[in-house]
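# Need a 3D model of the following:
(one chain, ligands or ions: 2)
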Amino acid sequence: MALITWSETLSVNIKEIDEQHKKIVGMVNELHSAMGAGKGKEMLGPILSGLVDYTKTHFDTEEKYMQKFGYPQYPMHKTEHDTLTKQVMDLNTQYQTGKAVITVTIMNFLKDWLSKHIQETDKKYGPFLNAKGIV
Ligand code: FE2
Ligand code: FE2
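Ligands and ions are numbered 1, 2, ... in the order given. Have a look, this model is predicted:
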């Protein structure tokens, strides 16, 4: 996967959330560069702890807005967040307990997160929250 440049296709049109999403783009790019330099394995620890932090703060932010304004698709969105959180926790546990975690697995997971969750699921709340004055 090539390096990712932030663009409108990734924007949910809410500044605070776009800033948080840029972090995941940053992680993909860091891991990509590290892999290219043959240092992917060294990046797994920092990437995984970054993801653990990111899921907590970022999902809290989105869920707070969706709940506050009664977003109709909240239950389905929350389910996706719970699944992603569980996957991140599992990968981190595997890594921490010395089990093999494959760099490509993490890369594919991040790529999926960007292309499926952000570009499909997150994008849907954009117009709804914009209409409530969240921009
Ligand atoms: Fe998100
Ligand atoms: Fe989300």
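# Where does pLDDT dip in this structure?
Along the chain, the parts satisfying pLDDT under 70 run over 1-2.
# Quick one: name the residues of it near ligand 2.
62, 122 (CB under 5 Å from the ion). Every residue, glycine included, has its C-beta placed from N, CA and C.
# Could you point out the helix or strand that follows the lengthiest helix in the chain?
Looking only at the chain and at elements set by DSSP state H, the helix with the highest residue count is helix 40-68. Using DSSP states H and E, the helix or strand that follows helix 40-68 in sequence is helix 74-96.
# Show me what that following helix is in contact with.
Helix 74-96 is contacted from outside by 44-45, 48-49, 51-52, 55, 59, 62-63, 66-67, 71, 100-101, 105-106, 109, 113, 117, 121, 125, using CB atoms under 8 Å, 6 or more residues apart in numbering.
# what does stretch 47-56 give?
Outside stretch 47-56, the residues within contact range by CB under 8 Å, 6+ apart are 20, 23-24, 27, 30-31, 81, 84-85, 88-89, 91-92, 95, 101, 106.
# Tell me which residues of that stretch come out buried.
47-48, 50-51, 54-55 (16 or more other CB atoms under 10 Å).
# JSON lines please, covering those and showing distance to Leu10.
Below are the buried residues of stretch 47-56 laid out as JSON lines (distance: CB to CB, whole Å):
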{"residue": "Ile47", "distance to Leu10": "19"}
{"residue": "Leu48", "distance to Leu10": "22"}
{"residue": "Gly50", "distance to Leu10": "18"}
{"residue": "Leu51", "distance to Leu10": "17"}
{"residue": "Tyr54", "distance to Leu10": "15"}
{"residue": "Thr55", "distance to Leu10": "18"}
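# before we move on, the earlier item: and the angle for the longest helix of the chain with helix 74-96?
For helix 40-68 against helix 74-96, the angle by axes from the mean of the first three to the mean of the last three CA atoms, to 10 degrees is 160 degrees.
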